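[1] What would the 3D arrangement of this be:
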Amino acid sequence: MNVDIDWTPEQRVYRERFLAFGREVVQPGGLTRDQTGAFDADLWRAVGESGLLGITTPTEFGGDGKGVLEFAAAMEGFAEGGLDASIVFSVLVQVAMVIEPLLQVGTPAQKARWLPVLASGQRKAAFAVTEPHGGSDVFEARTTLRIGNDDELLLSGSKWSVTDAPYADMAIVLGRVEGLGASGLSMFLVDLAGPTVEREGPFDLMGCRAAPTGALRFTNHPVDPEHGVLGKLGDGVPLTRLAFNMERLLAANVGVGFLQAVLDHAVTNLSRNESFGRPLQSYQYVQGRFVEIRKHLEFHRLLTRRALWLAHTKQRFNLEASLAKLSGAQALHDAALHAVLLLGNRGYRRDLFPFERLCRDAVGLMIAGGSEEVQKMAIWAELHGENRS
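    The predicted structure is shown next:
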């Protein structure tokens, strides 16, 4: 088996382009966004104009028409350069959890309506599956679509802890069709405009504070009767898994960029320090912390690239995506904490280095797309051949 873990020349161009964009446009405002917890509409507009959101969207809808590897290369650079998990979260929701399902199962009319405005960033999307009572058990959804007067489709129910809910223009919503029982769990494309949608948030988060997270409440909210169902009725389970697997894969991938940035920043800044008349880097215990960061980086890079290669070659990557997501978030937390401890009181300062912020952001990466326990459940199921198509 031949798995090439290096980016191609074209993929390296994407990586370097968005590495520079991250450094120049995203990184300078990271501390302020974290302190205020505010959504930066100007930054989102700049991300849309950069072309990042449309890399995988076909050219006829305004995108680049590239594949998952080109987008992954771009996101690795974007994460390394920007050092802001909040904007990374929003990008992953837009592309991995909304654009990708549309590309996979959307009708021509659905693609024509949504892809151009999502790929350009003109519209912001959310992926709404979690409910207040269910947490990670998203398939116990109570949100319900019913047929009203004049055959109109009306959605009612609540969604909780939804990234970008306070500002999203549209959402993919998991819900049930009234009267169909378990077989009615489906995905709906929902325009969030109108008085029948109530929003809550943004929540005051521990980390990823500028990724506006909140709740959506639908009260007889109209859904397009012709184009409002994504895929077929009853496709809610496989489409949710498709979106989560892609999000886990790409969330693991950005961990490579974050880990590389942590290592580089720590090495550069620690090289200037001395202790007891010797360079701090000359002490074995200091070297050991750097070795741990580099070890996690290389292990995580290899695992993630294998998962990306499987996705690129249209093979099943569920197991590898969950493994990479599980290991990557913990590796980032540990690496950022190593960097804080290596730099001492300077590393502990929020205004000098991003390490403290990345420690908190990494916890969000542990939870998003399924907690550690959910990832282990998914891995166990794959090991025992469950849920295989």
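
[2] Secondary structure class of Leu154, three-state.
    What DSSP: H, G, I helix; E, B strand; the rest coil gives for Leu154 is strand.

[3] so it makes contact with Leu145?
    Yes. In terms of CB atoms under 8 Å, Leu154 counts as a neighbour of Leu145; the distance is 7.0 Å. In this view, the C-beta of every residue, glycine as well, is placed from N, C-alpha and C.

[4] anything in contact with each of the two?
    Listed as contacting both Leu154 and Leu145 by CB atoms under 8 Å, 6 or more residues apart in numbering are Val223.

[5] These two - which one has more neighbours?
    Leu145 (26 against 18; other CB atoms under 10 Å).

[6] contacting residues for that one?
    Leu145 is in contact with Leu153, Leu154, Leu155, Gly175, Arg176, Val177, Glu178, Ser186, Phe188, Val223, counting by CB under 8 Å, 6+ apart.

[7] if you set the cut-off to 7 Å instead, what comes out?
    Counting by CB atoms under 7 Å, 6 or more residues apart in numbering, Leu145 touches Leu153, Leu155, Gly175, Val177, Glu178, Phe188, Val223.

[8] Which member of those residues is positioned nearest Val105?
    Phe188 (12.8 Å; CB to CB).

[9] quick one on the thing from earlier: which member of the contacts of Leu145 is positioned nearest Trp44?
    Ranked by distance to Trp44 (CB to CB), the contacts of Leu145 are led by Phe188 at 24.2 Å.

[10] Next, the closest residue to the closest one other than its chain neighbours: secondary structure please.
    In space, and not counting its chain neighbours, Phe188 is closest to Val173: 4.8 Å by CB to CB, 6 or more residues apart in numbering. At Val173 the chain is in strand, as set by three-state DSSP.

[11] is it true that Val173 touches Phe127?
    No. Using CB atoms under 7 Å as the test, Val173 is too far from Phe127 to be in contact (8.5 Å).

[12] Return the distance of Leu337 relative to Lys295.
    Computed as CB to CB, to the nearest Å, the Leu337 to Lys295 distance reads 15 Å.

[13] could you give the mean pLDDT of the strand or helix carrying Ala381?
    Using DSSP states H and E, the element containing Ala381 is helix 372-383. Averaging pLDDT along helix 372-383 yields 82.

[14] Now it: buried residues?
    Residues of helix 372-383 classed as buried under the neighbour-count rule (16 or more other CB atoms under 10 Å) are Val374, Gln375, Ala378, Ile379, Glu382.

[15] cool, and stretch 117-132?
    For stretch 117-132, using 16+ other CB under 10 Å, the buried residues are 117-121, 123-131.

[16] what's the closest non-adjacent residue to Arg199?
    What sits nearest to Arg199 in space, not counting adjacent residues and going by CB to CB, 6+ apart, is Pro166, at 5.5 Å.

[17] List phi and psi for the one you found.
    Backbone dihedrals for Pro166, given as degrees, to the nearest 10, come out at phi -60, psi -20.

[18] what do you get for Leu332?
    Dihedral pair for Leu332: phi -70, psi -40, per degrees, to the nearest 10.

[19] Which residue comes closest to it once chain neighbours are left out?
    Ala362 (4.3 Å).

[20] wait, isn't the one you found in contact with Ala335?
    No. Using CB under 7 Å, Ala362 is not in contact with Ala335; the gap is 8.6 Å.

[21] between these two, which one's more packed in?
    Ala335 (31 against 24).

[22] Just confirm the more buried one is within a strand.
    No. Counting by three-state DSSP, Ala335 is not found in a strand; it is helix.

[23] quick one, what contacts it?
    Applying CB under 7 Å, 6+ apart to Ala335 gives the contacts Leu259, Val262, Ile293, His296.

[24] what's the neighbour count on the third one?
    When you say that, I think you mean Ile293. Ile293: 23 surrounding residues under other CB under 10 Å.

[25] wouldn't it be in contact with His265 here?
    No. Applying CB under 7 Å as the test, Ile293 and His265 come out as separate, 10.7 Å apart.

[26] elements contacting the longest helix along the chain?
    Taking DSSP state H as the criterion, the chain has its longest helix at helix 236-270. Counting contacts by 3 or more CB pairs under 7 Å, 6 or more residues apart in numbering; DSSP states H and E, helix 236-270 packs against helix 68-82, helix 85-92, helix 100-105, strand 185-191, helix 284-312, helix 318-347, helix 355-367.
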